[in-house]
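Participant: attaching a predicted model along with its sequence, questions to come.
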Amino acid sequence: MEREWVEKIGDALKAVRSQKPLVNHITNYVTVNDCANITLAIGASPIMADDIRESAEITSISSALVLNTGTLAEQTIQSMLAAGKKANELKIPVVLDPVGVGASKLRNQTVERILHEVKISVLRGNISEIRYIAGFEASTKGVDASDADMSSGLEAACTIVKTAARKYGCTVAATGETDIISDGHRTIMIKNGTRLLASVTGTGCMCTSLVGAFSGVTKDPMVAAAGGALCMGIAGEIAEEKAGKVGTGSFHIAIIDAVSLMDAETLMERAKIYETRD
Amino acid sequence: MEREWVEKIGDALKAVRSQKPLVNHITNYVTVNDCANITLAIGASPIMADDIRESAEITSISSALVLNTGTLAEQTIQSMLAAGKKANELKIPVVLDPVGVGASKLRNQTVERILHEVKISVLRGNISEIRYIAGFEASTKGVDASDADMSSGLEAACTIVKTAARKYGCTVAATGETDIISDGHRTIMIKNGTRLLASVTGTGCMCTSLVGAFSGVTKDPMVAAAGGALCMGIAGEIAEEKAGKVGTGSFHIAIIDAVSLMDAETLMERAKIYETRD
Amino acid sequence: MEREWVEKIGDALKAVRSQKPLVNHITNYVTVNDCANITLAIGASPIMADDIRESAEITSISSALVLNTGTLAEQTIQSMLAAGKKANELKIPVVLDPVGVGASKLRNQTVERILHEVKISVLRGNISEIRYIAGFEASTKGVDASDADMSSGLEAACTIVKTAARKYGCTVAATGETDIISDGHRTIMIKNGTRLLASVTGTGCMCTSLVGAFSGVTKDPMVAAAGGALCMGIAGEIAEEKAGKVGTGSFHIAIIDAVSLMDAETLMERAKIYETRD
């Protein structure tokens, strides 16, 4: 079962590298450079067009759209909705990263509005964010997952992810020490990665950009979500081996290095994917 | 005397790493990624919520607030005031970095307005910026300290810093080759650091973020200010030893590495802190 | 012929390092940190003042102004026009990077408006962008040059660059595998660089910042444009030798390292500049 998923992801990786899908981002200004560079590193082409006067137009020539709520502003919220609707119209997949949802009314209302007005292909967040979206109580603390939410156990987390997926009819990925990905029917766990990923800002955002790149070449959102999460997890492991003891600045650079060198063979060697069916 | 300060800073560093204080930033878009990563590197948790509809709300769940005027815009100025006032109300320390004050009317007016409407805990800038705020003539050139302002001598600089501290009733840190920190009564000089720090954009902003992180765990603004300045100075020295000759890109990464590995022992070994009482 | 150009560029590089010209940028939020750091690495001083209330004022104390359309917004467009006009008034050179022109109406209209209302000293873009501006059909795809536009041959590319230069009476630089620089009369080709430069976001923007730094010290826009392109190309080669196989994150850092260590000798050893006169 595992092997089959890894093969699909490997094929999708090859497709990204050959097709170089254009991925439009309406994202935050904190981690945007890393999002662009990780998109290039996996083989896709990033663009960040967030002005309302061009966000829909640029989206219409893109292969995927990434929406990220890390730093909200009135203009970009409007752009997210306009670009999201245009993407839906043209059947371009939309990936949503609800950064910090649960931490402020603005974030809650914005994410809710996007989820209601735009059909999302993949929703990727940390477990605190997904808990909130699924309708469970979340003890969110800013933009990082809370320890309490993380320690609730794998089974509980799977239930949360499945609930969110069914509620919004999309694929949901809660990434963390174990990534849980579900479309409400199929559920995958990925046990790659390292705790060190939490020591660099934007590793979640970067994962979402990778999901965006994969979404530009595959029709299966589960493959796109798992592809992004798996590449990020394995890149984290490789980066830790190379630079984990050097410091978080070098670890950060090593993550992008590892994604730029990622190939199907490395995925096959390292992947720890497990599927559970209901 | 020196040893006592280093011990307090070492204790505060341990507290940052164990308490992981949330530090909200309303800052510029040039160095924001480095600010977030240095905040994580020292052990705190960064968030950058600058929209007026959430800046006060997010600040209210934070342990410290950092205001930085590097790239001003109407919306963020309003957010700074709103978040600053909320922080004052809740007794959450506010750290101000008046980037480029003296270089434009907008910066002068904004910094003045913040200083009058918000009670600042620590004001950190370069000597040109602090000169301007203290009411002395400053020959500021953009966002970097001018050579003229830097060569005016240590004693003159101490007078400037103390004047600014008394004028606004807060702790003031003028960082540079020698960091001068004063609350108007106690005055500290830190002789750590390297000229190379000026070759990377945002080392001042990053220092301010470190002060923000320390402010989240200590009630003494002098310890917070000295902690940020000392960690940045020592990190600069370590980074220079590792990467000074490799180039400024590698030096930049090595700064973040060094902060992520900083501990009380390293502070004790390297600190060059001197106190002068009036 | 080649030697003469390299000597002029070498002299300009020395002038940048001794005069430290202040370069104001109104640029995008994706690559702005790299733009600031590459400006420091070449020896100049960056500032990013894009608010309409200070953009002209800060420009008036600057030695050059860089305009970059990577992420447009209503406010920054107005700031670009105001700052550009102020620069023209004070004879401060303006460098324009028309990122993504051809990809959306907003970008097309904005670039057209800047070109009509502001006298540009150097226009630097990729070949797709310059094609569009010259009035030729361009198959632009987002912010990267299209393969079709790149494969049209050197002679055709020279014609395009010269056409754009004559159309707007400025120096035009189309950078890519071969950089073509022309003021409509003199035309230079630079064959330094590496394809790897396309794997990091913002290498074009960084090149434009370097042109801005050189523009702050030389009165010949051809020297400024060639200086920026040559330094970027050679830095790319050095970075590839050091980190090409390590990954694109390390390659990115190595570019900035190489620019920070660039000197006249290295330029002379490595430059591949060729001039063609009509």
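Facilitator: Done, it's in.
Participant: around chain C, pick out the residues from the stretch 151-278 of chain A.
Facilitator: Residues of the stretch 151-278 of chain A found near chain C (CB under 8 Å from any CB of the partner chain) are A:H252, A:I253, A:A254, A:I255, A:I256, A:D257, A:A258, A:V259, A:S260, A:L261. From N, CA and C alone the C-beta is placed, and that goes for glycine too.
Participant: unless I'm mixing things up, A:C205 is touching A:N68, no?
Facilitator: Yes - the pair A:C205 / A:N68 is scored as a contact, 5.8 Å apart, by CB atoms under 8 Å.
Participant: intersection of neighbour lists for those two?
Facilitator: Counting by CB atoms under 8 Å, 6 or more residues apart in numbering or on different chains, the common neighbours of A:C205 and A:N68 are A:T27, A:N28, A:C35, A:D97, A:V99.
Participant: OK, contacts around the nearest residue to the second one once chain neighbours are set aside?
Facilitator: Computed as CB to CB, 6 or more residues apart in numbering or on different chains, the closest residue to A:N28 that is not its neighbour in sequence is A:G70, at 2.8 Å. Applying CB under 8 Å, 6+ apart, we find A:G70 in contact with A:T27, A:N28, A:V30, A:T31, A:D97, A:V99, A:G100, A:V143, A:C205, B:M48.
Participant: ok, the one residue in the stretch 101-250 of chain A that gets nearest to chain B to B:S250 distance?
Facilitator: Per CB to the nearest CB, A:G247 is where the stretch 101-250 of chain A lies closest to chain B, at 2.4 Å. Here the criterion is CB to CB, to the nearest Å. By it, A:G247 lies 12 Å from B:S250.
Participant: give me every residue that touches the closest residue to A:M262 other than its chain neighbours.
Facilitator: The shortest distance from A:M262 to any non-neighbouring residue, by CB to CB, 6+ apart, is to A:C231 (5.5 Å). Each residue near A:C231 by CB under 8 Å, 6+ apart is listed here: A:I9, A:L13, A:I42, A:L210, A:V259, A:M262, A:L267.
Participant: pick the one among those closest to chain B.
Facilitator: Checking the contacts of A:C231 against chain B with CB to the nearest CB, the nearest one is A:V259 at 17.1 Å.
Participant: just checking, A:A164 touches A:I130?
Facilitator: Yes - A:A164 is within contact range of A:I130, at 5.4 Å (criterion: CB under 8 Å).
Participant: would you mind giving the secondary structure of the residue most central in space within chain A?
Facilitator: With distances taken as CA atoms, centre = their mean, the residue of chain A nearest its centroid is A:T208 (2.4 Å). Judged by DSSP: H, G, I helix; E, B strand; the rest coil, the three-state class of A:T208 is helix.
Participant: give me the neighbour count for A:A87.
Facilitator: 26 (other CB atoms under 10 Å in any protein chain shown).
Participant: that one and A:G125, how far apart?
Facilitator: Distance of A:A87 to A:G125, given as CB to CB: 19 Å.
Participant: the stretch 151-278 of chain A: helices as residue ranges?
Facilitator: For the stretch 151-278 of chain A, the helices defined by DSSP state H, counting those that start in this stretch cover A:154-168, A:203-215, A:221-243, A:248-261, A:264-270.
Participant: for the last one, which helices and strands make contact with it?
Facilitator: Packing partners of helix A:264-270 (3 or more CB pairs under 8 Å, 6 or more residues apart in numbering or on different chains; DSSP states H and E): helix A:2-19, helix A:221-243.
Participant: okay, the angle between the last one and helix B:248-260?
Facilitator: Yep, that's helix A:221-243 we're talking about. On the basis of axes from the mean of the first three to the mean of the last three CA atoms, to 10 degrees, helix A:221-243 is oriented at 90 degrees to helix B:248-260.
Participant: contact partners for A:L123?
Facilitator: By CB under 8 Å, 6+ apart, the contact set of A:L123 is A:95-98, A:115, A:130, A:133, A:164, A:168, A:170-173.
Participant: please repeat the previous calculation with a cut-off of 10 Å.
Facilitator: A:L123 makes contacts with A:67, A:94-98, A:111, A:114-115, A:129-130, A:133, A:161, A:164-165, A:168, A:170-174, A:208, A:211, A:221, A:225, as judged by CB atoms under 10 Å, 6 or more residues apart in numbering or on different chains.
Participant: looking at this, it is in a strand?
Facilitator: Yes - under three-state DSSP, A:L123 falls within a strand.
Participant: okay, now the unreliable bits of the stretch 151-278 of chain A?
Facilitator: Low-confidence segments of the stretch 151-278 of chain A (pLDDT under 70): A:151, A:277-278.
Participant: quick check, the residue in it closest to chain C?
Facilitator: For the stretch 151-278 of chain A, the residue closest to chain C is A:D257, as judged by CB to the nearest CB, at 2.4 Å.
Participant: the stretch 101-250 of chain A against chain B: which residues are in contact?
Facilitator: Neighbours of chain B within the stretch 101-250 of chain A, by CB under 10 Å from any CB of the partner chain: A:103-110, A:140-144, A:147, A:196, A:198-202, A:243, A:245-250.
Participant: buried ones only from those, please, as a ChimeraX command.
Facilitator: ChimeraX command restricting these to the buried ones, with burial defined by 16 or more other CB atoms under 10 Å in any protein chain shown:
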select /A:103,104,106,107,108,110,140,141,142,143,144,196,198,199,200,201,202,243,246,247,248,249,250
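Participant: about what we covered before: quick one, which of A:C205 and A:N68 is more surrounded?
Facilitator: Neighbours of A:C205 and A:N68, each counted by other CB under 10 Å, are more numerous for A:N68; the result is 28 against 25.
Participant: the residue nearest to the residue nearest to the centre of chain A when sequence neighbours are not counted: neighbour count?
Facilitator: In space, and not counting its chain neighbours, A:T208 is closest to A:D97: 4.0 Å by CB to CB, 6+ apart. For A:D97, the number of neighbouring residues by other CB under 10 Å comes to 31.
Participant: A:D97 pairs with what?
Facilitator: With DSSP bridges as the criterion, A:D97 is bridged to A:N68.
Participant: these two touch, right, A:V122 and A:S209?
Facilitator: No - between A:V122 and A:S209 there is no contact under CB atoms under 10 Å: 11.7 Å.
Participant: now do whichever strand or helix holds A:H25: which elements does it pack against?
Facilitator: Assessed by DSSP states H and E, A:H25 sits inside strand A:22-26. If contacts are counted by 3 or more CB pairs under 10 Å, 6 or more residues apart in numbering or on different chains; DSSP states H and E, strand A:22-26 sits against helix A:32-42, strand A:45-47, helix A:55-60, strand A:64-68, helix A:74-89, strand A:94-97, helix A:203-215.
Participant: burial-wise, tell me which of these comes out on top.
Facilitator: Stretch with highest mean neighbour count among the helices and strands packed on strand A:22-26: helix A:203-215 (a mean of 32; mean count of other CB atoms under 10 Å in any protein chain shown).
Participant: just want the angle from that one to helix A:2-19.
Facilitator: Using the same axes, to 10 degrees: helix A:203-215 against helix A:2-19 is 80 degrees.
Participant: just how off-centre is helix A:203-215 within its chain?
Facilitator: Its chain's C-alpha centre and that of helix A:203-215 lie 4 Å apart, by CA atoms, centre = their mean, to the nearest Å.
Participant: again with stretch A:64-81
Facilitator: Centroid displacement of stretch A:64-81 relative to its chain, using CA atoms, centre = their mean, is 15 Å.
Participant: ok, now which ones touch A:S62?
Facilitator: Contact analysis of A:S62 by CB under 10 Å, 6+ apart lists A:21-25, A:45-47, A:49, A:83, A:86-87, A:90, A:92-93, A:212, A:216, C:141-142.
Participant: actually, A:G125.
Facilitator: When contacts are counted by CB under 10 Å, 6+ apart, A:G125 touches A:69, A:96-102, A:111, A:131-133, A:145, A:161, A:164, A:172-176, A:204, A:207-208.
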